[in-house]
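Asks: the sequence isn't on hand, but the structure is:
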């Protein structure tokens, strides 16, 4: 356990507490501070990955397990509730957060209006390197109360609005090529907070390689299993704010390969016009 | 012994500290006789050293029983690119394993994250001379100048070492290959990545058998990965693999084609007193090695090395603290990612001593009979060639002796991750970043 630190915390005045319980409160609060900082550190670690080379799966799994552990403890403590509330009160409407992901997302619900090439940039996500392993990816919403994945708080924010994102355009292309059965459950996407607590569950989807035979994991599952949709913000790409763009110049094109099942990626009925638009944008990017 | 260059008079230490990333040694392995030592580096190169066997005349110096000199160097793997995922595939050599010596040539397997290659290392010290139709340079002779016939003769020539790739085992792994192990049957080998273990036949490159698959149906449920795997040294049907949760699983391939169900699982119950958020991470096994006898297993986790008896699954029979003083520093080590360092561990030839690496260029040896451990250092500044290594100590309290190093002065960038022990003698090879140190026990030479 973290050593119950002797760090003194300024306690709010006005409370009449005995010395003992005050000390206990200080110790407990420093422990929770340490725990919180460990949680933050872990989340940052999950987000920061070397873009060029596939990140170390073992390391990611261990960090994710640590985050899960902290989560569980915080839930038991009851402090998780406070965390989720804090994020919900961030003030952003769900649709705002979701819009920029629409470029590559499929929306199941009608909550978010899909728009291509939104220019909303997420606060706090720009400094960080683009993630290869999608720890930032969408958060799965579970109906079960006991599911205390980080996404849980997202679920509170917008219950049913879910988004699936395409983590890799190549994967998208590959998946549509492979064809597949059911779709992955859609995940709510979170990109707004600097800390960006993410679901643990979606961390490992990236590691799928699609050149294998499509097994029970349907290709579409892979398609939507993990997305760090915040990084698909075209605006940040164009302005080069990301240190390593997640997609190459041709990726957007690829990602729009029509999926054989379910609603098309963009809400407009005509995929082709969108492709042309995309073409145009691509020319701009590549041209520059 | 050890470094081949003498210490220069001019202080070039600032230059020495600059290490080309590609030169960092990533694996070290002796062959079965110990005459050859192979190292792989991050740049995808393999360097093979050969032990000089000629005795230096009658007056052999004590401790002098042959130095290792460079025998061959070749580029094993090149950087690659995975187009589907838009990710580079590192050319770093993760593991090298020698095949049993069968004929004049030597064979070794080398692997990077994705592809395993079988290399044939052969010598050529003769060449045919006296062709009738070609001259010495190989040009075709004018027929009219040929007046008599002769039989070409093999003449000795300078030794040439040729290395050629004989097999390329590609596309077998989705995840990063962390281990390869040659089977005692001499025909097959296994390769393990984070989630799967495949068994290959050395002659067949287009198929492999998947013998372990721990990938969950839903990747969200992934909580454990495979960290190392090895075949039993004698029983060709047994292999062991370790996990990030600190468990070892012994599998018998006779039981079923897919060995997801283990025959034995070796797991030590968690110590509730030491429980912390880092418990799982420090329990992750970074290396597992069968003893030469095949009776024991040696595992390395972040803070300890453990010896397990194959007959006892409930816990290790011996536990040695490698650097317990780091337990209170786990948070900082987590922050700087050092907690994820994967240290290897090795047995000596008689299974009586075990060795593993640590930080600050230190490595530790434990005598199983006495239970005592010693700390040694692989750092050229502090040792001259042929000098006897002096033991080091990390100061953790009590009386401080001269030469003790404080925990806070440890250099965590100088990590000894890779090492090898000669299969028959007390000669060890230690990789320290881009340097290879070869140490030898003076006393054991008398046995020859």
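Replies: Received the coordinates, thanks. If you're wondering where the values come from, they're calculated on a predicted model, not measured in any experiment. Numbering: from 1, shown residues only, chains lettered A, B, ... in the order given.
Asks: and the pLDDT at residue 64?
Replies: Just going to use chain A. Listed pLDDT for residue A:64 reads 94.
Asks: wait, chain B
Replies: Note on residue B:64: pLDDT of 50.
Asks: and what of residue A:59?
Replies: 94.
Asks: same question for residue A:166.
Replies: Residue A:166 is assigned a pLDDT of 34 by the prediction.
Asks: ok, now residue B:197?
Replies: 97.
Asks: gap between it and residue B:213?
Replies: Counting by Cβ to Cβ, to the nearest Å, the gap from residue B:197 to residue B:213 is 8 Å. The C-beta positions use only the backbone N, C-alpha and C, and glycine is treated the same way.
Asks: now residue B:226
Replies: 10 Å.
Asks: of the two, give the one with the bigger neighbour count.
Replies: Comparing residue B:226 with residue B:213 by other Cβ atoms under 10 Å in any protein chain shown, the one with more neighbours is residue B:226, at 25 against 15.
Asks: tell me what the one helix or strand residue B:249 maps to is packed against?
Replies: Using DSSP states H and E, the element containing residue B:249 is strand B:248-252. The contact analysis (3 or more Cβ pairs under 8 Å, 6 or more residues apart in numbering or on different chains; DSSP states H and E) places strand B:248-252 against strand B:238-243, strand B:264-266.
Asks: check contacts around residue B:361.
Replies: By Cβ atoms under 8 Å, 6 or more residues apart in numbering or on different chains, the residues touching residue B:361 are B:377, B:378, B:379, B:411, B:414, B:416, B:432.
Asks: looking at it, residue B:296 is touching residue B:351, isn't it?
Replies: Yes. Residue B:296 is within contact range of residue B:351, at 6.8 Å (criterion: Cβ atoms under 8 Å).
Asks: these two: which has the busier surroundings?
Replies: When residue B:296 and residue B:351 are compared for neighbours, residue B:296 comes out ahead with 21 against 17, by other Cβ under 10 Å.
Asks: could you point out which element follows the longest strand anywhere in chain B?
Replies: Identified as the longest strand of chain B according to DSSP state E is strand B:153-169. Tracing the chain past strand B:153-169, the next element assigned as helix or strand by DSSP H and E is strand B:179-182.
Asks: tell me which residue of the stretch 201-350 of chain B lies closest to chain A.
Replies: Going by Cβ to the nearest Cβ, chain A is nearest to residue B:220 of the stretch 201-350 of chain B, at 3.0 Å.
Asks: is chain A contacted by stretch B:268-278?
Replies: Yes. Under the criterion of Cβ under 8 Å from any Cβ of the partner chain, chain A is reached by stretch B:268-278 at B:275, B:276, B:277, B:278.
Asks: make a markdown table out of those and add pLDDT, secondary structure and neighbour count.
Replies: A markdown table is the format used below for those (pLDDT from 0 to 100; DSSP: H, G, I helix; E, B strand; the rest coil; neighbours: other Cβ atoms under 10 Å in any protein chain shown):
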| residue | pLDDT | secondary structure | neighbour count |
| --- | --- | --- | --- |
| B:275 | 86 | coil | 11 |
| B:276 | 89 | coil | 16 |
| B:277 | 91 | coil | 22 |
| B:278 | 94 | coil | 22 |
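Asks: check what pLDDT residue 100 gets.
Replies: As the question left the chain open, I've gone with chain A. With respect to pLDDT, residue A:100 scores 31.
Asks: to clarify, I was referring to chain B.
Replies: pLDDT at residue B:100 comes out at 95.
Asks: if I look at it, how far off is chain A?
Replies: Residue B:100 sits at a distance of 30 Å from chain A (criterion: Cβ to the nearest Cβ, to the nearest Å).
Asks: rewinding a little: now for the longest strand of chain B, which elements pack on it?
Replies: Secondary-structure packing of strand B:153-169 (3+ Cβ pairs under 8 Å, 6+ apart): strand B:68-75, strand B:116-129.
Asks: can you tell me the strand partners of that strand and which way each runs?
Replies: Take DSSP bridges as the rule and strand B:153-169 pairs in its sheet with strand B:116-129 (antiparallel).
Asks: and the partner strand, how far out from the chain's middle?
Replies: Mean-position distance between strand B:116-129 and its chain equals 24 Å (Cα atoms, centre = their mean, to the nearest Å).
Asks: list the buried residues for that strand?
Replies: By 16 or more other Cβ atoms under 10 Å in any protein chain shown, the buried positions in strand B:116-129 come out as B:116, B:117, B:118, B:119, B:120, B:121.
Asks: tell me which helix or strand comes right after the worst-scoring helix or strand of chain B on mean pLDDT.
Replies: Lowest by mean pLDDT, DSSP states H and E among the helices and strands of chain B is helix B:13-16, with a mean of 53. As assigned by DSSP H and E, the chain's next helix or strand after helix B:13-16 is strand B:25-30.
Asks: tell me the gap between that next one and the middle of its chain.
Replies: That offset, for strand B:25-30, works out to 4 Å (Cα atoms, centre = their mean).
Asks: quick one: list the elements packing against it.
Replies: Applying 3+ Cβ pairs under 8 Å, 6+ apart, we find strand B:25-30 packed against strand B:36-41, strand B:95-98, strand B:418-421, strand B:427-432, strand B:435-440.
Asks: these into TSV, with extra columns for distance to chain A and mean neighbour count?
Replies: Formatted as TSV, the helices and strands packed on strand B:25-30 follow (distance: least, Cβ to the nearest Cβ, whole Å; neighbours: other Cβ atoms under 10 Å in any protein chain shown):
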stretch	distance to chain A	mean neighbour count
strand B:36-41	16	24
strand B:95-98	15	22
strand B:418-421	17	24
strand B:427-432	20	24
strand B:435-440	25	20
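Asks: that older thread, burial count for the residue of the stretch 201-350 of chain B closest to chain A?
Replies: Residue B:220: 22 neighbours (other Cβ under 10 Å).
Asks: what secondary structure does it sit in?
Replies: Three-state assignment for residue B:220 (DSSP: H, G, I helix; E, B strand; the rest coil): helix.
Asks: and residue 143, what pLDDT?
Replies: No chain was given, so I picked chain A. pLDDT, read off for residue A:143, is 37.
Asks: meant chain B, my bad for not saying
Replies: Listed pLDDT for residue B:143 reads 84.
Asks: report the contact partners of it.
Replies: Contacts for residue B:143 were tallied using Cβ under 8 Å, 6+ apart; they are residue B:133.
Asks: overlap in contacts of residue B:226 and residue B:213?
Replies: B:195, B:196, B:197.
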